[in-house]
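# Need the 3D shape of this:
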Amino acid sequence: MKYTVSIEIAQPRERVAQLLADPAHLPMWLRGLVLHEPISGTHGQVGTESRVVMQMGRQTMEATETITRREPASLHGIPRDSVVQFDREIVGKGMWSAARERLTETGPETTLWESENEHRFDGMAMRLVGLVMPGAFRKQTRRHMEDFKAFAEQGTDVREAKG
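Predicted structure coming up:
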């Protein structure tokens with residue numbers, strides 16, 4: 001299953017990239033995050049593997065995230081014409097997914113965030129979820145992006161929000 005979701009954020013691209021890359025900010029916008037800790041490497045750097053635990057309702061999911069691309073390596077002084085790229089793979093019980101994040105400057109104070117996602121399922125239960133509820137994955141990605149937008153633009157923290 002593949003899909004792409006995009007959102008425009010009223011912040012400069014460099015600021016958006018820095019906020020996305022900072023592990024201290026993850027709990028503020030990544031709804032359901034219980035734990036995100038490097039197993040090997042440095043957070044956000046190519047090759048780093050991290051243990052990720054998410055809570056969705058009564059369900060807990062644990063997976064390993066591997067950063068496969070980060071360009072440019074430095075998120076300071078990013079050339080105006082370049083596209084910031086973050087790619088990662090996530091492997092959990094019965095599933096594999098890849099996310100390719102692109103940040104494009106659409107104006108001096110606006111950034112287009114495009115998230116291209118692919119999911120593959122191994123187990124029968126996860127395949128069934130993918131077949132019966134394919135829109136749930138897109139909806140969850142959109143919600144994370146909207147939560148990040150609210151955090152980046154207004155400082156909204158999902159841990160303090162209701163719903």
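# Report the buried residues of the longest helix along the chain.
Of all the elements of type helix in the chain, the one with the most residues (DSSP state H) is helix 134-154. Buried residues in helix 134-154, counted by 16 or more other C-beta atoms under 10 Å: Phe137, Gln140, Thr141, His144, Met145, Asp147, Phe148, Lys149, Ala150, Phe151, Ala152. Where you see a C-beta, it was placed from the backbone N, CA and C, and this is true even at glycine.
# Please apply the same query to stretch 63-70.
By neighbour count on 16+ other C-beta under 10 Å, the buried set for stretch 63-70 is Ala63, Glu65, Thr66, Ile67, Arg70.
# tell me the SS of the third one?
Under the three-state scheme (DSSP: H, G, I helix; E, B strand; the rest coil), the conformation of Thr66 reads as strand.
# for it, what are its contacts?
Residues in contact with Thr66, defined by C-beta atoms under 8 Å, 6 or more residues apart in numbering, are Gly47, Thr48, Glu49, Ser50, Arg88, Glu89, Ile90, Val91.
# What score does it have for pLDDT?
Among the per-residue scores, Thr66 holds a pLDDT of 98.
# hey, what's it bridged with?
With DSSP bridges as the criterion, Thr66 is bridged to Glu49, Glu89.
# Now do the buried residues in the helix or strand where Leu35 lies.
If you go by DSSP states H and E, Leu35 is part of strand 33-40. Going by neighbour count (16+ other C-beta under 10 Å), the buried part of strand 33-40 is Leu33, His36, Pro38.
# What of stretch 47-65?
Buried positions in stretch 47-65, judged by neighbour count with 16+ other C-beta under 10 Å: Thr48, Ser50, Val52, Met54, Met61, Ala63, Glu65.
# Give me the phi and psi for the fifth one.
Which is Met61. phi -120, psi 130 (degrees, to the nearest 10).
# same check, this time on the first one
In this entry, Thr48 is assigned phi and psi values of phi -70, psi 130 (degrees, to the nearest 10).
# Quick check: chain neighbours aside, which residue is closest to it?
Spatial nearest neighbour of Thr48, excluding adjacent residues (C-beta to C-beta, 6 or more residues apart in numbering): Gly41 at 3.1 Å.
# and the one you found, what does it touch?
Residues near Gly41 by C-beta under 8 Å, 6+ apart: Gly47, Thr48, Glu49, Ile67.
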